[in-house]
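Participant: fold the following.
(one chain, ligands or ions: 1)
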Amino acid sequence: LKRTTSARELLLAIGRGRGPTLRGQLESELRAAIRTGRLPGGTALPSTRALAADLGVSRGVTVLAYEQLIAEGYLTAATGSATRVATRPSHSAAPAAVARSVDAPRYDFRPGLPDVSVFPRRAWLSSLRRVLDAATGDALGYPDPRGALQARTALADYVNRTRATVAHPDRMVLCSGYAQGLRLLAAVLRSRGVRRVAVEDPGHGGQRADLQAMGLGVRPVPVDGGGLQVDRLRRLDVGAVLVTPAHQFPTGVVLAPERRAALLEWAAARRAVVIEDDYDAEYRFDREPIGALQGLAEGAVAYLGSASKTLAPALRIGWLLLPAALVDRVALAKLHADHGSPTLEQLAFADFLERDGLDRHLRKVRPIYRRRRDALLAALKSRLPGLRVEGVAAGLHLMVSLPPGTDEEALADAAMTQSVRIYGAGPHRSRPGPPALLLGYASLSESDIEAGVALLARVLATTASTARPRRARIWDPAERALAARVAADDAERGRQTG
Ligand SMILES: Cc1ncc(COP(=O)(O)O)c(C=O)c1O
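Facilitator: Here you go, the predicted structure:
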């Protein structure tokens, strides 16, 4: 096994006494590397002289091998430049899973996405640089599974100040997005004997599936203009309830004050856990802020937050603020899952928070998002008058009712032909309901919003209604594409073994 020492390293296995000639071995090694995509199209190879020296073979061996592969179409040569791997699609067979899994449409109304083009790159980089400069050896070792103390402290201060929580760093666990936090919490609740969890209906379909995947049953409870119908909980045998009190997902309503009180009374009487998803409370345009439930009943509420809506989903920074009885169990689950989230990013986040970076960023983006929301409302009013619009006062998306009988999936497919991606409410319903769309507006410019809605209006006008609309199970296009590939693979394996 030889590793070339020219500037471009290339690991090739050739050796004397291995059977075929050295030249034959070199050719088949290169062919295999190109076929499997290890050497993608366009890759420059070492010169024949350098390769020969590195491999300890005569130059004639490498010259003849390159010539043979050029003749076969694996390599290309141009006078005066390096020999390269030919760019034929069959030679760059990237594995399907890393290929782009979904086409990017021109207008994507994905709900809940902030505008990542205004991510505070400079401030983040300064924070990252500062913490890297100051990092002690401890910061680069295995972390406290709850997360770096500075990050838990800065976050506790931030949520206490802006969300009226009662947070202490000891009660916080940082995790890889809200998504991981919910799964860790679900596993812990199950280990403590919880078997069923009440969820809002409509409510986030992905989270319903997360709870089920962790072995919990879900019991849908209807949502109306005042949020979750709390009185219905009394009839259910559940050990926890998942709610979005400040901004119900997906309807956008606020949990009514008397229901907040009733929910906490119910939880106290049942010794049940209230899981509070506080995912986008920072965004409100026409109403007063609403504090977190956690601040009223810290012993009963497991509070979850995320940087996905305020900064960028790619950070995968989420947090749990837990009742004392759950902290160690969740920390242990986090340790078992991944030994803790990346420390340097947490420290950068702490530095960013301490310098009021998030406050400044939110002050900057709120008016931008508000203008986009207004642009969406105006476009809907002019292009699709008559459709009822809900959940406009806060958040990053709104909900639009579709004419009865509209097949959300057929409409979404038709819209994709115009490069417009829209999202039906169906996957977020526990049972069939009136057709509706969730339209996210924060990541689109005002002119794109207008253009996208104009295209959508045209598509809607030509989409026939049906007596039996389809109902999608998965809302996220990337998850859908992956799940479809996995299902196809399962079916194929079933055919082979059965
Ligand atoms: C209702 C709701 N809660 C929480 C989240 C945050 O998820 P994460 O932090 O995993 O990105 C989202 C993001 O889509 C959401 O829609």
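Participant: now do the buried residues in the longest helix anywhere in the chain.
Facilitator: With residue count as the measure and DSSP state H as the assignment, the chain has helix 357-383 as its longest helix. If you call a residue buried by 16 or more other Cβ atoms under 10 Å, then helix 357-383 has these buried ones: 357-358, 361, 365, 369-370, 372-373, 375-376, 379-380, 383. For every residue, glycine as well, the C-beta is placed using N, CA and C.
Participant: what's the mean pLDDT across that helix?
Facilitator: Helix 357-383 shows a mean pLDDT of 98.
Participant: who are the packing partners of it?
Facilitator: On a contact count with 3 or more Cβ pairs under 8 Å, 6 or more residues apart in numbering; DSSP states H and E, helix 357-383 meets helix 121-134, strand 397-401, helix 446-462.
Participant: can you say which of those is packed in most?
Facilitator: Mean neighbours per residue, mean count of other Cβ atoms under 10 Å, is largest over the helices and strands packed on helix 357-383 for strand 397-401, with a mean of 22.
Participant: that strand pairs with which strands?
Facilitator: Looking at strand 397-401 with DSSP bridges, its partner strands are strand 389-390 (antiparallel), strand 436-440 (antiparallel).
Participant: and of the helices and strands packed on helix 357-383, who's closest to residue 269?
Facilitator: Distances from residue 269 to each of the helices and strands packed on helix 357-383 were compared by Cβ to Cβ, and the smallest falls on strand 397-401, at 32.8 Å.
Participant: need the buried residues of helix 357-383 in JSON lines with distance to residue 58, can you?
Facilitator: Formatted as JSON lines, the entries for the buried residues of helix 357-383 read as follows, by distance: Cβ to Cβ, whole Å:
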{"residue": "357", "distance to residue 58": "61"}
{"residue": "358", "distance to residue 58": "64"}
{"residue": "361", "distance to residue 58": "62"}
{"residue": "365", "distance to residue 58": "64"}
{"residue": "369", "distance to residue 58": "67"}
{"residue": "370", "distance to residue 58": "72"}
{"residue": "372", "distance to residue 58": "67"}
{"residue": "373", "distance to residue 58": "71"}
{"residue": "375", "distance to residue 58": "70"}
{"residue": "376", "distance to residue 58": "70"}
{"residue": "379", "distance to residue 58": "71"}
{"residue": "380", "distance to residue 58": "74"}
{"residue": "383", "distance to residue 58": "73"}
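Participant: before we move on, the earlier item: relative to strand 397-401, how tilted is the longest helix of the chain?
Facilitator: Helix 357-383 runs at 20 degrees relative to strand 397-401, counting by axes from the mean of the first three to the mean of the last three Cα atoms, to 10 degrees.
Participant: if we can go back for a sec, dump the buried residues of helix 357-383 to JSON lines, plus distance to the ligand.
Facilitator: Putting these into JSON lines (distance: Cβ to the nearest ligand atom, whole Å) gives the following:
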{"residue": "357", "distance to the ligand": "19"}
{"residue": "358", "distance to the ligand": "15"}
{"residue": "361", "distance to the ligand": "17"}
{"residue": "365", "distance to the ligand": "16"}
{"residue": "369", "distance to the ligand": "15"}
{"residue": "370", "distance to the ligand": "20"}
{"residue": "372", "distance to the ligand": "18"}
{"residue": "373", "distance to the ligand": "17"}
{"residue": "375", "distance to the ligand": "22"}
{"residue": "376", "distance to the ligand": "18"}
{"residue": "379", "distance to the ligand": "23"}
{"residue": "380", "distance to the ligand": "21"}
{"residue": "383", "distance to the ligand": "26"}
